[in-house]
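[1] From the sequence below, what's the structure:
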Amino acid sequence: MSLILQIEGAELAYGSHPLLDGAGLRLMRGERLGLIGRNGSGKSSLLRVIAGQAVLDGGDVRTGEGVHVVLVEQEPVLPPAETMRESLVLRGALDDMHDERERWRVEARLDEYLHRLSVRAEGDPASASGGERKRAALALAMAMEPELLLLDEPTNHLDIGAIALLEEMVQKLPGLILITHDRAFLDRVVTRIVELDRGWLRSYPGNFAAYRERKNDELEAEKIAARKFDDFWAQEEVWIRQGIKARRTRNEGRVRRLERLRDERAARRERLGNVRLSLDAGERSGKLVAELEHVHQSFGGRVLVRDLSMRLIRGDRLGLVGPNGAGKSTLLKLILGELAPEGGSVRLGTKLEVAYFDQMRAQLDPDRTLAETISPGSDWVEMGGNRKHIMSYLADFLFPPERARSPVSTLSGGERNRLLLARLFAKPANLLVLDEPTNDLDIESLELLEDTLADYTGTLLLVSHDRAFLDNVVTQTLVAEDDGHWQEYAGGYTDWIAQRPGPADSRAAETARAVTPAPAAARKAGGAKMSFKETKELEALPLRIEALETEQAELLAGMARLKGGEMQDAARRAAEIGKELETVYARWEELEARR
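    Next comes the predicted model:
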């Protein structure tokens, strides 16, 4: 495999905060990297450096000869133009291409990808939604056929069908580095996880599930090592305070060692804390939260809701799933009584206290400070009968005291999401409405939000395109099907696919089949009789699986001691074993079904 990218000794800081601290990375042809890390750790800055849009303070970034790099930002900017297609031609500087034949080929591919991603080529870029802008920028990037594609939160604003299509397309690229909080996307696409943590880049072979298992072990070992270091340091500090004996010649070595320990302790960058979330469900609502009978609603001549009847009971956790424009936000407003239906009726329950998370963050005033946003006119937040100072409450959401008086306009997308969650959770609510809450959250905050919602005793309405989040949070799913029809299914996203394998969106169904394997060969085989050879093959497969898993585990366990080419070889073999295991497991399931 040829080299696509090499980073050595990368240094980058904003103010006194180092984002890259001697970081290094190699990307070989055929690799697809998932870049993860906490919000603010420097992931987007690193992508801009690789794309040549920012410069390192120190170190070196090199790409292989002739490697063409394309970056799709988190919020792509489209140049002003009459049509979307013209705007993309300007964004890609296609008019400046010297080879007319190559320009023609790029524009032909652009038309193809605009069609595949359902982007209106003649649409007005100025009025395009966030999802349309993202799909348009992705279409241009794919049309340019880069050797290295850089994607910053590519699934934000995309519906599940578009996410599934993107998964399919990026797997054909020579090289890929992507930032995403979408764990299902990472598991389906990447061959290696790279974590940016306290200025360092650490590599983990395999997908996100493999990373998580190994990372948990690493964090536990790091905690133990830090505790031992702190205990030893504390003992040395006690010793040096014992008096004049410490300064005798025979103890000077110990004094110097203590000085080194102090320097090490000061230089040790602690792992960033976690957001601390808690939800107060307040007073219990009535048993009935909302009842819809034969509800009908249209917009712009298009039916969004057709003859919908359903009941929402206290404690339900309802996920709304459907493509962009299906009417999910409209349906939320109907359920909450904010919008009167054109036909049918909506009856709301009693004692409802609603908290609403708006995906457009319209509830945040950019001119207000963080403290004013959380608790207007007071320095205290009342939660579950307890008072908490606003500075302490904001610290729970990783906002230091000096940020409390900063205006909302200075916050990043992820920080605005955290602030909106902080505002929502600062008051009791027995009906929680979350409209795309996962956009811009880092994975750790996302998983903490899942844990918090698991303990929530109120009723939840959730709109999300995050398949893993839906599976981990909701108890039933309301799916937009054809022509304004909505159908309710028990369970989360994967359960919906299992019950009805996606006629409303074949690409979504294909993605779900990757999450919940059901080999077609096993189904087709039915009750066909097995041959003697196949019987022997089935008997041997468990030993084959065990041998492969053992080899893979030994490779992963030993990688921390390897360097350079040895690590690359081990990573490649571990990835090969993963693919081989998929094949062997599929064969085992097929033969088991036939037996």
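
[2] Go over the secondary structure and confirm L434 is in a strand.
    Yes: per DSSP: H, G, I helix; E, B strand; the rest coil, L434 lies within a strand segment.

[3] How many residues are close by the closest residue to it other than its chain neighbours?
    Nearest residue to L434, sequence neighbours excluded (CB to CB, 6 or more residues apart in numbering): F357, at 4.5 Å. C-beta: built from backbone N, CA, C; applies to glycine. Neighbour count for F357, taken as other CB atoms under 10 Å: 21.

[4] Settle this for me: F357 is touching L424, isn't it.
    Yes: contact status for F357 versus L424: in contact at 5.7 Å, counting by CB atoms under 8 Å.

[5] any shared contact partners between the two?
    L432 (CB atoms under 8 Å, 6 or more residues apart in numbering).

[6] dump the residue contacts of the residue nearest to L434.
    For F357, the contacting residues are 420-421, 424, 432-435, 437, by CB under 8 Å, 6+ apart.

[7] Just put those residues in CSV and tack on neighbour count and distance to Y393.
    What follows is the contacts of F357, written out as CSV (neighbours: other CB atoms under 10 Å; distance: CB to CB, whole Å):
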residue, neighbour count, distance to Y393
L420, 22, 14
L421, 22, 12
L424, 19, 13
L432, 23, 18
V433, 21, 22
L434, 24, 20
D435, 18, 23
P437, 25, 19
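
[8] Dump these into TSV; add pLDDT and distance to V474 as well.
    Shown next, in TSV, are the contacts of F357 (pLDDT from 0 to 100; distance: CB to CB, whole Å):
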residue	pLDDT	distance to V474
L420	81	20
L421	81	18
L424	79	18
L432	91	12
V433	92	13
L434	90	10
D435	87	14
P437	85	13
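
[9] got the phi/psi numbers for the residue nearest to L434?
    phi -100, psi 110 (degrees, to the nearest 10).

[10] Endpoint to endpoint, stretch 33-45 covers what distance?
    End-to-end span of stretch 33-45 (CA to CA, to the nearest Å): 16 Å.

[11] Now do that stretch, average pLDDT.
    Here stretch 33-45 scores 89 as its mean pLDDT.

[12] Closest to the centroid, which residue in the chain?
    H181 (0.9 Å; CA atoms, centre = their mean).

[13] helix, strand or coil for that residue?
    Going by three-state DSSP, the state assigned to H181 is coil.

[14] Distance of it relative to M169?
    Distance of H181 to M169, computed by CB to CB, to the nearest Å: 20 Å.

[15] Ok, E86 next?
    E86 is 23 Å from M169, by CB to CB.

[16] ok, now L138?
    Using CB to CB, we find L138 at a distance of 8 Å from M169.

[17] low pLDDT regions in the stretch 201-350 of the chain?
    Within the stretch 201-350 of the chain, the stretches with pLDDT under 70 are 219, 222-223, 225-226, 229-230, 232-280, 282.

[18] Tell me where it has helices.
    Here the stretch 201-350 of the chain has its helices, by DSSP state H, counting those that start in this stretch, at 208-240, 252-267, 328-336.

[19] Look up how far F425 lies from D57.
    38 Å.

[20] who has more neighbours, these two?
    Ranked by neighbour count (other CB under 10 Å), D57 and F425 place F425 first, with 23 against 12.

[21] quick one: that one from S285, how far?
    Counting by CB to CB, the gap from F425 to S285 is 18 Å.

[22] count of residues packed around N386?
    Count around N386 with other CB under 10 Å applied: 8.
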